[in-house]
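A.B. asks: Generate a structure from the sequence data that follows.
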Amino acid sequence: MTEDIDFEIDPSILPKKVKRKPLGPPSVIADDLYITYRVFGGRRGGTAKQRKSLWDKAISLGRPSTGPITHVPAVKGVSFVAHHGESVAILGTNGSGKSTLLRAIAGLLPPTEGRVYTSAEPELLGVNAAMLPRLTGERNIMIGGLALGLSSKEVRESVEHVADFAELGDFLYLPMTSYSSGMASRLRFAISTIRSPEILMIDEALATGDASFRKKSMARIEEIRESAGTVFFVSHSLASVRAMCTRALWIEKGVLVADGDVDEVADAYQEFVDRRTNASSGANLK
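C.D. replies: Model (predicted):
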């Protein structure tokens with residue numbers, strides 16, 4: 001399970017360790033937050049197929065045919081208060097619920113129980129940059145900028161900068177169907193970072209492009225972090241977390257395990273992953 005922590009991050013792309021800012025008023029409050037997914041199970045087993053009458057078929061129209069519903073709790077009773085001026089990491093192993101928590105804070109997932117209060121509309125980096133493959137890069141920049149709340153004049157003034165940042169060259173005027181996956185991801189990142197929101201949420205956004213572009217992306221995120229009031233950052237790279245954040249929330253199996261100084265929580269999390277990895281390796285050797 002070593003994929004839970006990225007030990008191979010290139011130190012050269014990391015910014016200097018973030019300086020702590022004086023904390024302002026609360027920007028995000030999570031109050032006893034629960035997120036539960038409903039999963040439709042498989043059909044009940046049986047050795048013989050039963051033929052349904054026309055009446056049975058009629059009354060079953062519109063009902064799920066996949067069997068009983070299973071409720072899967074992804075976030076369980078998480079509470080915290082984040083303030084303006086904080087950079088907050090969300091740590092956790094695969095499937096722990098960290099990305100679910102991030103999307104709930106961003107307003108993309110409705111809470112099953114509890115509430116999330118925010119001082120402004122959070123922006124999840126990359127999500128708002130909806131790409132239309134049949135349109136040119138230029139048109140996608142225009143549409144993406146307008147979707148982010150920029151005026152037509154602001155978007156037009158941003159086109160050249162976004163295209164240069166994404167390294168599009170002459171592809172700016174070609175349909176995105178002609179783009180490579182790397183080129184499309186660079187453009188998506190560049191569009192989503194046109195403006196600096198008050199509450200910024202980043203989910204593994206640094207895995208974009210090659211090493212050179214990741215370094216440029218990191219620098220851009222650092223600029224946004226400086227101007228944004230609060231930043232939430234989900235990543236498997238503890239090196240990135242330690243450099244970019246001042247506080248960490250560790251969530252495991254949907255439960256908030258620790259909340260505190262980023263280095264203290266990251267140390268505890270790394271020890272947990274190391275123990276689990278060693279236990280798994282020992283079991284495989286038997």
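A.B. asks: how near is residue 223 to residue 262?
C.D. replies: From residue 223 over to residue 262 the distance is 20 Å, taken as Cβ to Cβ, to the nearest Å. All C-beta atoms are positioned from the backbone trio N, CA, C, and that covers glycine.
A.B. asks: These two: which is more packed in?
C.D. replies: Taking neighbours as other Cβ atoms under 10 Å, residue 223 and residue 262 compare with residue 262 leading, 24 against 12.
A.B. asks: For residue 278, the count of nearby residues, please.
C.D. replies: Around residue 278 there are 10 residues (other Cβ under 10 Å).
A.B. asks: Distance from the helix or strand hosting it to the middle of the chain?
C.D. replies: Residue 278 belongs to helix 262-285 when elements are defined using DSSP states H and E. Offset of helix 262-285 from its chain centre (Cα atoms, centre = their mean, to the nearest Å): 23 Å.
A.B. asks: With stretch 116-127 instead?
C.D. replies: Worked out by Cα atoms, centre = their mean, stretch 116-127 lies 11 Å from the chain centre.
A.B. asks: now what about it, what contacts it?
C.D. replies: The contact list for stretch 116-127 (Cβ atoms under 8 Å, 6 or more residues apart in numbering) reads 25-31, 33, 84, 102-108, 148, 188-189, 192-193, 197-203, 205, 221, 229, 232.
A.B. asks: Buried residues, stretch 188-198. List them.
C.D. replies: 188-194, 197-198 (16 or more other Cβ atoms under 10 Å).
A.B. asks: Quick one, which of the contacts of stretch 116-127 are buried?
C.D. replies: Buried subset of the contacts of stretch 116-127 (neighbour count, 16+ other Cβ under 10 Å): 27-30, 33, 84, 102-106, 148, 188-189, 192-193, 197-203, 205, 221, 229, 232.
A.B. asks: Show only the entries of those found in strands.
C.D. replies: With DSSP state E as the criterion, strands contain 27-30, 33, 199-203, 232 from among these.
A.B. asks: and which of the residues you listed is nearest residue 267?
C.D. replies: In terms of Cβ to Cβ, no member of these lies closer to residue 267 than residue 232, at 20.4 Å.
A.B. asks: these two touch, right, the closest one and residue 91?
C.D. replies: No: using Cβ atoms under 8 Å, residue 232 makes no contact with residue 91, being 11.6 Å away.
A.B. asks: Next, please give the residue ranges for the helices of the stretch 101-250 of the chain.
C.D. replies: With DSSP state H, counting those that start in this stretch as the criterion, the stretch 101-250 of the chain has helices at 137-147, 152-166, 181-192, 211-227, 238-244.
A.B. asks: Ok, which of those helices comes nearest residue 79?
C.D. replies: Nearest of those to residue 79, taken as Cβ to Cβ: helix 238-244 at 21.3 Å.
A.B. asks: I'd like the average pLDDT over the closest one.
C.D. replies: Per-residue pLDDT over helix 238-244 has a mean of 87.
A.B. asks: Stretch 143-154 now?
C.D. replies: 88.
A.B. asks: quick one: that stretch to chain centroid distance?
C.D. replies: Its chain's C-alpha centre and that of stretch 143-154 lie 22 Å apart, by Cα atoms, centre = their mean.
A.B. asks: Straight-line length of it, end to end?
C.D. replies: 12 Å (Cα to Cα, to the nearest Å).
A.B. asks: what comes up buried for it?
C.D. replies: 143-145, 148, 150.
A.B. asks: and of those residues, the nearest to residue 248?
C.D. replies: Taking those together and measuring to residue 248 by Cβ to Cβ, the closest member is residue 148, at 28.2 Å.
A.B. asks: Is it possible to get TSV of the buried residues of stretch 188-198 that adds pLDDT and distance to residue 273?
C.D. replies: Shown next, in TSV, are the buried residues of stretch 188-198 (pLDDT from 0 to 100; distance: Cβ to Cβ, whole Å):
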residue	pLDDT	distance to residue 273
188	87	30
189	87	28
190	89	33
191	88	34
192	83	30
193	85	30
194	86	36
197	84	31
198	89	33
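A.B. asks: Spatially central residue in this protein, please.
C.D. replies: Closest to where the C-alpha atoms of the chain average out (Cα atoms, centre = their mean) is residue 203, at 2.7 Å.
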